[in-house]
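A.B. asks: Using only what follows, build the 3D model:
(3 chains)
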Amino acid sequence: MNKKKRFEWYGIIRVAASILISLIIAAIIIFAVAEDPLTALNKFLLGPFSTKRNFFNVIETMIPLVFCGLAINVMHKSGLFSMVADSSFYFAGVMAATIAIACPMPNIVHQIVILAAAMAVGGVIGIIPVLIKKRTGANELVISLMMNYIFFNLGYWLIRKFFLDTSNGSFSIGFQPTASLGKMLKGTNTHFGLIIMIVVVILMWILMDKSKFGRELQITGSNENFARYAGIKIGRVVLGSQLIGGMLAGLGGGVEMIGMYKKFQWITAQTYVWDGILINLLAGTRPLMIPVSAFFISYIRIGALVMSRGGDVDSEIVSIIQGIMIMLIASERFLYRLKKNKEEKEALQNQAMEMEAEA
Amino acid sequence: MSFLTNLDFWFTVLRCTTPVLFATMAALIASRSGMLNLGLEGAMTIAALCGVLGSGFTGSLLVGALSGLLAGTVFTMLLAYFVQHLKANKVVSGVALNLAASGGSVFCLYSITGDKNASNSLASSAFPAFDIPVLQNIPGLGDILSGHNCLTYVAFIVTILIFIVLNKTSFGIHIRAVGESEEAARSVGINVEKVRYQAMFISGLLASCGGMYLSMGYVNRFTSGMVAGRGYIALATNAMAAGNALMGMVSSILYGFGSGISIYLQNNNVDPYLITIIPYASIIVFYVLFSFYYKVKRKTEDSL
Amino acid sequence: MAEEILRVEDLTKIYPGGVLANYNINFSVDKGEIHALVGENGAGKSTLMKMLFGIEEITSGKVFLHGQEVHFHSSKDAIAHGIGMVHQHMMLVPSLTVAENLVLGIEQKKGLFLDKKKAIEETEAISKKYNLYVEADKRVRDISIGMKQKLEILKTMYRGAKIIILDEPTAVLAPQETEELFEQLLNLKKEGYTIIFISHKLHEVKYLCDRLTVLKDGRSIGTYKVADVTPEEISRLMVGRDVKLEYDKTEQTFGERVLTVEHLNYTDKFGTKKVDDLNFSLRRGEVLGIAGIEGNGQREAMEILTGNMKAESGSILYKGENLCEKNISENRKLGIAHVPEDRNLNGSAPEMSVRDNLIAASLGRLSKNRILDPKAIEEYCGSCVRDFKVKTASLDISIKSLSGGNIQKAIVAREFTAGADVIVLNQPTRGVDVGAMEFIHKKILEMRDEKKSLILVSADLAELKALSDRIIVFHQGKIAGVLSDVPHVTEEELGLYMLGLKSDPEEILKEA
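C.D. replies: The predicted structure follows:
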């Protein structure tokens, strides 16, 4: 039992240290840039708690982050580094908006159809890179990055072509009133997508941690040779992971579209999937921890937004914080010395034990 | 199809090729040494920004150029340090640095100029364009090849230089050794880490040139998101180059061609968003075809 | 007069991750001798040499050259002191030419440019001097393996090596190339060079070397004059234990053929025919031992049998199916289990928990409606750990932190309890401590009692003799001998079959 606890602590210390260091650097930047650094810092750290609206902004922003974090979690567990979830998310949003605008349906049915379509679209897009890789050997990272640019432009073009609100020039015309996820709390924008998110988190937890598929996926990602020798059908497992990831991102896009908006407003590419990488890392790639790390990222995003309303510190400081955090966590040698000495001592102890046994 | 005979079109092709050619060479020299430089997008972005800031505040092109070079190169060396010394995952750290650079550049832009979108308030400099004597008078060819920004000529010259360096100099041979067989290099006493840092240094310089061309070449301002994925496109063009700088030039020109077509179509009232797809789509198609060809080639070699 | 040129004292190496590769090694080499370093795969020979050559950091211990203590921080240091190494896996740059590879790192330049003409001249000169023929302007990826090796040797001499370390040089050579190499090595010895020859091929050691040092499980066992020991004695030191392997096997008769290999063929990507019209069968309830020098087709035959590789032609009949048409997961479902040769590469997922490694082959069985059944899993793992005496602090820790013997026991536990009828074991007790080895042997015999059929591929001849009911010997992709009277088989006789010096007539081979 001791060994397990020790190594888990090691992981937690590294994550905590990364967060601390990046926040300190952020604080330094704030002090350099802001006219009134202490107020700015205060707004950044406590802003989300300052009003009810701000706090629930955190919850609302958290929802797509969780979907995308879960998508990255399952897609990268296979060992593939595909970023196609970005395309899935955006284009599913486009599909959701299309059905929301053009297909009148009764309440509840409308939302279900929209979300189902969003999931389907996301899933189909999600498997494209892995299929191409299988047939041609092309790298999934490069393919998925190119796809992201293509699907954003294609998606937005479609909206502009068919549903453009000419009085506004950028956004689409309005959704049918039934294409909405309602409001859970008065005075906030928090919608019932939150419930969907919670359900999905639990389902993914069961899938990844407790199901046969999840275990096969983990083993495949850990040592593909061994997975093959053990009889795991790695082709199917990897394809499945990309399909599920794409569906999650698609669902996230659909939920966000009809949950938060009354018309299509995504005139730039959405970046939730990129946050998903950090969210996944902070969560130690465990599905149940993803809402926690998503909350954290959402919190600092909103905090930065509140701070930026003060005028002098731009909210993009969050990207810098995130970049630093990822770099530190992704560096094996960060705080490695804590682990190295222990490993060497243990190896010598094991040797001594075995030599005694043989004597 | 008339655009194929239009000289302006081919001029545009070369113009569009330039930043991607720089990025491809940056990717090439890094990958030849065994390093995957995923941070090209970020390096280009901050070089583009710092070049504008440097020249905007001092009025000097030279200062701008040096700032841009410094920024992009330091950025790239930071990535190299994290990957080599702290053993960070190559892909994740590249992505992280790009994230930091894209947001960080907007942050800096806002903090310094008060504008989140473009550096319009700054009177930044641009690299000059040159007419090549003699060449400019040749009908047809002269219109296509002469009159480009000096960085365009630099890009093509650099490509040839890299080809020569990798094949004929001992430095280049060391880089190839380190990239193809790290153990072989180590066993003859080559300092693998040092060679990789040197390759990444050059990679950073080249990426910076690519970024600066965007903000100090054809136009002279920085716009957020102006690199538009060229740093990632370079990964595809580099893969198609398969280690050969001259092939890298060909694949970059393919991109330039796609870009040129999209610009041409823009002038003909096709929706800009649809057009933007063309360069990316064409790169995917070329990349996939190339990968397939390469896969088949390797299979037949193995079975021989 | 024997003059010591190199000595190593209490040398220890621990890799990051806690793997102990060498432990308190003591070893010395005299000037002008050809000194063999022998041991099984995984005994630590390569690691020791890498430390001597400066490629790996020494964890603790001392190295003495010409009586002076030396510290090598890189191979540059080792080279500067006159040590050269020819590696097991070629250390050449494929896209560069022979000449460029020869001068790599110490090229002569014309300004910034490599002086290619000079490089070619130097290559041709040194090639002539030592009678090791190489083509200077060909790219390394286009030359033969034999030439690559000559190039490697020339590289060391070009850099002034007086002590040359060769790591398993004949592993990749054809017989004629091996003869050539030995001639050249004996020439070099005449010219005063000292050679350290790493090998596990005892007949070569006998032919070529003056003295030998034995390594086992990362430790040095002793140094002997080659003339004073027989190959069997060396083998026992390398691989055997002080414990005599004698087990009480229950009497059995074997009749029914449960698995039949017919006319199996396989050619590898270099064009070598690795499996050549192979025919043998496995009888129910027997332990079929497979002996053979590494590289004679056993590995490929087993990979095809278990479904990891595809045969060129031929069939393997089992339960009415042809295994050659099936993949691994179908094979497992039919009842074939496999304890692979390399436990870290193929036999386990080192970073994952002991629990995950144990259940990996039984995920379907341990699930209800695709959801893993935690109770069934705990029961299963508990019984594995108990019945196979896997020493582990908990089921949650990474399997890589267990000792080699315990990892192997866990793998054996997994495969023996996967509900298989045929179990293939490939070097199951390599790198495993005595206690674990005996235990695994007992378990093999238990399986036999339960009428399971086992195939045991092993380099440990004593192990084969103690466990097998029949032994077949592989030589160049075919069966060279079938030995049914195992208790009376001598290791010498097995050696003769393995070396291709003896083979059985058709009538006996038909009964394989």
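
A.B. asks: Which helix runs longest in chain A?
C.D. replies: Counting residues, the longest helix found in chain A (DSSP state H) is helix A:2-33.

A.B. asks: Next, the contact list for A:Phe56, please.
C.D. replies: A:Phe56 sits next to A:Leu185, A:Thr188, A:Asn189, A:Thr190 when contact means C-beta atoms under 8 Å, 6 or more residues apart in numbering or on different chains. Every residue, glycine included, has its C-beta placed from N, CA and C.

A.B. asks: What is the burial count for the last one?
C.D. replies: Neighbour count for A:Thr190, taken as other C-beta atoms under 10 Å in any protein chain shown: 23.

A.B. asks: how about the closest residue to C:Ala301 other than its chain neighbours, what does it touch?
C.D. replies: Once flanking residues are discounted, C:Ala301 sits nearest to C:Val275: 5.5 Å by C-beta to C-beta, 6 or more residues apart in numbering or on different chains. Contacts here follow C-beta under 8 Å, 6+ apart; on that basis C:Val275 touches C:Leu264, C:Asn265, C:Tyr266, C:Gly297, C:Glu300, C:Ala301, C:Ile304, C:Ala311, C:Glu312, C:Gly477.

A.B. asks: swap the cut-off to 7 Å and go again
C.D. replies: C:Leu264, C:Asn265, C:Tyr266, C:Gly297, C:Glu300, C:Ala301, C:Gly477 (C-beta atoms under 7 Å, 6 or more residues apart in numbering or on different chains).

A.B. asks: That one belongs to a helix?
C.D. replies: No. Assigned with DSSP: H, G, I helix; E, B strand; the rest coil, C:Val275 falls outside any helix and is strand.

A.B. asks: And the worst-scoring helix or strand of chain C on mean pLDDT, what does it pack against?
C.D. replies: One helix or strand of chain C scores below all others by mean pLDDT, DSSP states H and E: helix C:231-239, with a mean of 73. Packing contacts for helix C:231-239, counted by 3 or more C-beta pairs under 7 Å, 6 or more residues apart in numbering or on different chains; DSSP states H and E, involve helix C:202-208, strand C:211-216, helix C:491-498.

A.B. asks: Give me every residue in the stretch 201-350 of chain C lying close to chain A.
C.D. replies: Contact residues (C-beta under 7 Å from any C-beta of the partner chain) of the stretch 201-350 of chain C with chain A: C:Asn308, C:Ile328, C:Ser329, C:Arg332, C:His338, C:Pro340, C:Leu345, C:Asn346, C:Gly347, C:Ser348, C:Ala349.

A.B. asks: which of the residues you listed count as buried?
C.D. replies: Applying 16 or more other C-beta atoms under 10 Å in any protein chain shown to these, the neighbour count classes C:Asn308, C:Ile328, C:Ser329, C:Arg332, C:His338, C:Pro340, C:Asn346, C:Gly347, C:Ser348, C:Ala349 as buried.

A.B. asks: residue ranges for the strands of the stretch 151-300 of chain B, please.
C.D. replies: Counting by DSSP state E, counting those that start in this stretch, the stretch 151-300 of chain B forms no strands at all.

A.B. asks: of the contacts of C:Val275, closest to chain B?
C.D. replies: C:Tyr266 (12.9 Å; C-beta to the nearest C-beta).

A.B. asks: on that earlier part again, out of the helices and strands packed on helix C:231-239, which gets nearest to A:Ala230?
C.D. replies: Closest to A:Ala230 of those is strand C:211-216 (C-beta to C-beta; 30.3 Å).

A.B. asks: strand partners of the closest one, parallel vs antiparallel please.
C.D. replies: strand C:34-38 (parallel), strand C:219-225 (antiparallel) (DSSP bridges).

A.B. asks: Out of these, which is the most enclosed?
C.D. replies: Burial of the strands paired with strand C:211-216 is given as mean neighbour count (mean count of other C-beta atoms under 10 Å in any protein chain shown); strand C:34-38 ranks first at a mean of 26.

A.B. asks: what angle do the following helix or strand past it and strand C:219-225 make?
C.D. replies: Per DSSP states H and E, the first helix or strand lying C-terminal to strand C:34-38 is helix C:45-52. Angle, helix C:45-52 to strand C:219-225, by axes from the mean of the first three to the mean of the last three C-alpha atoms, to 10 degrees: 90 degrees.
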